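[1] Provided below are the primary sequence and the corresponding predicted coordinates.
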Amino acid sequence: MLAKIYSAVNEGLDSRLVEVEADVSSGFPLFEIVGLPDKAVNEAKERVRSAIINSGCKFLTGNKKRLIINLAPADIKKEGSIYDLPIALGVLIASQEISLNESFLASSESSLTSSQVRPVKKLGDTIKDSMFIGELSLNGELRHAKGILPMVLLAKQKNIKNIYLPKENIQEASLVEGMNIYPLESLKNLIAHLSNQIRINPVKSSTSWRSDPYEKEYESDFGYIKGQEFIKRALEIAAAGGHNVLMIGPPGSGKTLLARAMPSILPSMTKKEILEVTKIYSVAGLLKQNEYLKNQRPFRAPHHTTSDVAMVGGGQIPHPGEITLAHRGILFLDELAHFKKQTLESLRQPLEDGEISVARARGSISFPAKFILISSMNPCPCGYYGDTEKQCKCGAGEIIRYRRKISGPFLDRVDLHLEVPRVEIDKLMGEKVAESSNEIRKRVEKARQIQTSRFNKKFGGSATKLSKTVSKTMANAEMTIPQIRKFCQIDEQGEELLKQAIKKFTLSARAYHRILKVARTIADLSATVNPAISKHTRFDLVDKIKTEHLAEAIQYRAKITEEIF
Amino acid sequence: MQKITINDKNFPKLLKKIPNPPKQIYVAGDLKEQKYPLAVVGTRKMSDYGKQTTAHFTKELVQAGITIISGLALGIDGLAHKVALENNGQTIAVLGSGLNNIYPKIHQNLAKKIIESAGAIISEYPPETPSYQSNFIERNRLISGLSLGVLVIEAPEKSGALITAREAIKQKRKVFVIPGRVYDRNSQGANELIKNGAQLVSDPSDILKALKIKPVFVKNKNQENLSILEKNLLEILFARENHIDELSQKSGAKINEVISCLTNMEIKGLVKNLGNGKYIAIK
């Protein structure tokens, strides 16, 4: 007899429907899985066999000993252990341990009280309407699976109402609205449920989840960092406009600490962003056991030995890399000059496009990669060039070579260049309390709100060429040149200042545009509610940039090539 | 580019007088007779103090009509050229390599600008000569040879600037030295020169007096119409260099106000960015 069960396979961050077909027939004893299974899928044979027997059922009795499992579509590689449950169920149905003709209490009406009459359905119909996911242990218990969220989203899209999965995954799955999600403890549990011996109540998608930044605890807070007001101001601008940052400073000047506090001033995530990020972490298997929701912006700090594949994503079956894991958050590259040149250069395209497309022989997959790059490096190989306390021991040529490791095109994608000095001990002890991240974040959120309205089509903005994997919120840092012309207008006085600055600091055309973008963000940070503007936006979206904003932006220009000595 | 031999009437007169003048020099740019040529030399790895003094002294010397001669090297040399250009002065760079092999490469643009602003780059070696180390030591005699005197700013114990100073003594030119702190590595050589009889200078006017040049008072027009915050910051910065954070603390102004104020003043030429977020007022 033939049984057909639905399950899913993840391809990149999206899922595809998989039909698990089980066929039991008479013949020479055989248990074969076809449909490009990887090693883990193939080993399901042993787990399924033991789990079925240990759940009190019989495994292939009588003369029906020939068992074929087909995972369709047969040309996509299947990996992982999530097919254990559908295979086991398929075997049980195909070998008629469970009868499809049995009547079965339909699920979706679970809210009815027991006294009311429940509609009765045949089990066969329910199976058609359900998706099964889960890894079995030998005693038939179900284990936590990874990559659940995209599968549940797929089920919703394909109109499959019921999802059966390990109970550890229940919260992650319930992020998707309008689904009946059945938490399972074991295979025995499922068999009993399907044959009406017990009743498992489905969980409806959780009602109250949202990102609430004010209750969240961040590891570090700007309130704990004394001094470095200049750098903090720059990081506030970076957070507000999505600008990339390069910090240059001696060891122990607090570059890492400052970078780590950065997520705490980023605007809180929208529901859409949370789903995007959770999906990535679900697929990467990085959701911790009791963590089902990524409602904090990610902070990724890959070590400088990281390979380019680990950085951008890849592998035979492409997996998301560090830049995708940093999506909607911070990618922190410490000791930038020690990264391999190739690794850094591979970041150029994603920094521009906000996504990375990984092409392998089996096709190409796009991963989202919209992140703020925070990078840091020492001013010279020994680290103490320009330090007030310690003497630098590097030769002039060494320092130039060290700084040349970062290519011009890479630096072009960094809007804010900062020199971080060492903070003297007595300043760390100062009595003045630093501003907390909460206060800074409020300003950042206001600036972001202005930007969102500005780039919204309704107000004359235009969306850029982002693919469907990335939602279209735009920050000032992503402005194209026509947009800069449109939104970054300056008055005569400002133009005069820029002209002089270009002459004085020999600024390139690229630097010119960067300054305008940063100035736009600074102006947004200082914007006040304008009562004359429509209620909807409240802020003047295309007001001219003031001279003082421009002057501040010039301060963050690239100085790495200018007057090293 | 032109080749000028020692018998040519255009050959610099001061250079002709030194004990071992070059047989010919290659010149790119304008080598008209300079009224007051002065060499400014120093270490390649300068400190904040070196940056400050170079900017201050060079600026005033240029304003008094002095032509700045140096070696286009990193550090004090390059900064001296740059400050001279910023103040619309004339400056001459003497290379240790051929004119088509400008070294260090990072200063290629600087060399171009020197030529464009009525200055010159000079070398005694044929245009294609690569940069040999020994040539750079040889070229130091040209730097002092072209000048009435040599101003040494920051030189550690072993420094090309000291060679230039020694050549200057041989050529009977004046040697001026800006003193440094006794414990600083960058001051060892400079202070040693003072000990051996070089003239200590603590103000640009000391040099002008020694060379019998009338000081010119150029009133910085930009110093007028300053805002209250600008005046306030200038006052703090005249005393000593300050980080942006310190300026904000001392002046009580918000950090973003200080930042934009400093940019304005830097463009006006009132303050100098020393790197690492530190600023100093230019006198």
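    Yes, it's here. In this text the structure is predicted, and so the values were computed from the model without any measurement. Numbers count the residues shown, from 1 in each chain, chains lettered A, B, ... in the order given.
[2] which residues sit in contact with residue 145?
    Since no chain was named, I'll use chain A. Neighbouring residues of A:A145 by Cβ atoms under 8 Å, 6 or more residues apart in numbering or on different chains: A:80-82, A:133-135, A:165-166, A:169. In short, each C-beta sits where N, CA and C put it, glycine included.
[3] should've been chain B
    Counted by Cβ under 8 Å, 6+ apart, B:G145 has contacts B:14-15, B:17-18, B:21, B:167, B:171, B:173.
[4] again, 6 Å this time
    By Cβ atoms under 6 Å, 6 or more residues apart in numbering or on different chains, the contact list for B:G145 reads B:15, B:18, B:171.
[5] Checking my notes, the second one in a helix, right?
    Read it as B:I18. No. According to DSSP: H, G, I helix; E, B strand; the rest coil, B:I18 belongs to no helix; its state is coil.
[6] Chain neighbours aside, what residue packs nearest to it?
    Computed as Cβ to Cβ, 6 or more residues apart in numbering or on different chains, the closest residue to B:I18 that is not its neighbour in sequence is B:G145, at 4.2 Å.
[7] Stretch A:405-418: which residues count as buried?
    Going by neighbour count (16 or more other Cβ atoms under 10 Å in any protein chain shown), the buried part of stretch A:405-418 is A:406, A:410-418.
[8] Between those residues, which sits nearest chain B?
    Comparing the buried residues of stretch A:405-418 against chain B with Cβ to the nearest Cβ places A:L418 closest, at 8.0 Å.
[9] Show the pLDDT at that closest one.
    For A:L418, the pLDDT comes out at 91.
[10] can you tell me the helix or strand for it?
    In this structure, A:L418 sits in strand A:416-419 according to DSSP states H and E.
[11] do A:P409 as well
    Here A:P409 is assigned to helix A:408-412, by DSSP H and E.
[12] residues contacting the closest residue to chain A within chain B?
    Closest to chain A within chain B is B:S260: 3.6 Å, counting by Cβ to the nearest Cβ. Contacts for B:S260 (Cβ under 6 Å, 6+ apart) come out as A:548, A:551-552.
[13] give me the subset of these touching chain B.
    A:548, A:551-552 (Cβ under 6 Å from any Cβ of the partner chain).
[14] these two touch, right, B:V94 and B:S144?
    No. Counting by Cβ atoms under 6 Å, B:V94 does not reach B:S144; the two are 9.6 Å apart.
[15] hang on, the earlier thing: and the buried residues of stretch A:405-418 as a markdown table, adding distance to B:K3?
    Formatted as a markdown table, these follow (distance: Cβ to Cβ, whole Å):
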| residue | distance to B:K3 |
| --- | --- |
| A:I406 | 41 |
| A:F410 | 43 |
| A:L411 | 41 |
| A:D412 | 41 |
| A:R413 | 46 |
| A:V414 | 46 |
| A:D415 | 48 |
| A:L416 | 49 |
| A:H417 | 43 |
| A:L418 | 48 |
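[16] Tell me how far the closest residue to chain B within the stretch 1-150 of chain A lies from A:G147.
    For the stretch 1-150 of chain A and chain B, the shortest gap (Cβ to the nearest Cβ) falls at A:L13, measuring 39.5 Å. Going from A:L13 to A:G147 by Cβ to Cβ, to the nearest Å gives 9 Å.
[17] The residue of chain B closest to chain A: which element?
    helix B:255-268.
[18] who touches the spatially closest residue to A:E141 that is not a sequence neighbour in this structure?
    Excluding the flanking residues, the one nearest A:E141 by Cβ to Cβ, 6+ apart is A:S186, at 4.6 Å. A:S186 makes contact with A:140-142, according to Cβ under 6 Å, 6+ apart.
[19] most surrounded residue in the residues you listed?
    The residue in those with the most neighbours, by other Cβ atoms under 10 Å in any protein chain shown, is A:L142 (26 neighbours).
[20] tell me which element that one falls in.
    A:L142 belongs to strand A:142-143, assigned by DSSP H and E.
[21] which parts of chain A sit against chain B?
    Listed as neighbours of chain B in chain A under the rule Cβ under 6 Å from any Cβ: A:229-230, A:233, A:386, A:396, A:419, A:421, A:500-501, A:504, A:548, A:551-552, A:554-555, A:565.
[22] Mind giving me the ChimeraX command for buried ones among those?
    Buried subset of the residues of chain A next to chain B, written as a ChimeraX selection, criterion 16+ other Cβ under 10 Å:
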select /A:229,230,233,386,396,419,421,501,548,551,552,554,555,565
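[23] Between all of the residues of chain A next to chain B, which two are separated the most?
    The most widely separated members of the residues of chain A next to chain B, counting by Cβ to Cβ, are A:A396 and A:E548 (36.8 Å).
[24] Count the neighbours of B:N20 for me.
    10.
[25] In chain B, where's the longest helix?
    Taking DSSP state H as the criterion, chain B has its longest helix at helix B:48-63.
[26] residues in contact with that one?
    By Cβ under 6 Å, 6+ apart, helix B:48-63 touches B:76, B:79-80, B:83-84, B:87, B:89, B:153-154, B:178, B:204, B:216, B:218, B:241, B:272, B:274, B:280, B:282-283.
[27] and A:E345, how many neighbours?
    Around A:E345 there are 14 other residues, counting by other Cβ under 10 Å.
[28] Residue numbers of chain B in contact with chain A?
    B:44, B:74-75, B:244-245, B:248, B:255-256, B:259-260, B:263-264, B:267, B:275-277.
[29] roughly how far is stretch A:440-458 from the heart of the chain?
    21 Å (Cα atoms, centre = their mean, to the nearest Å).
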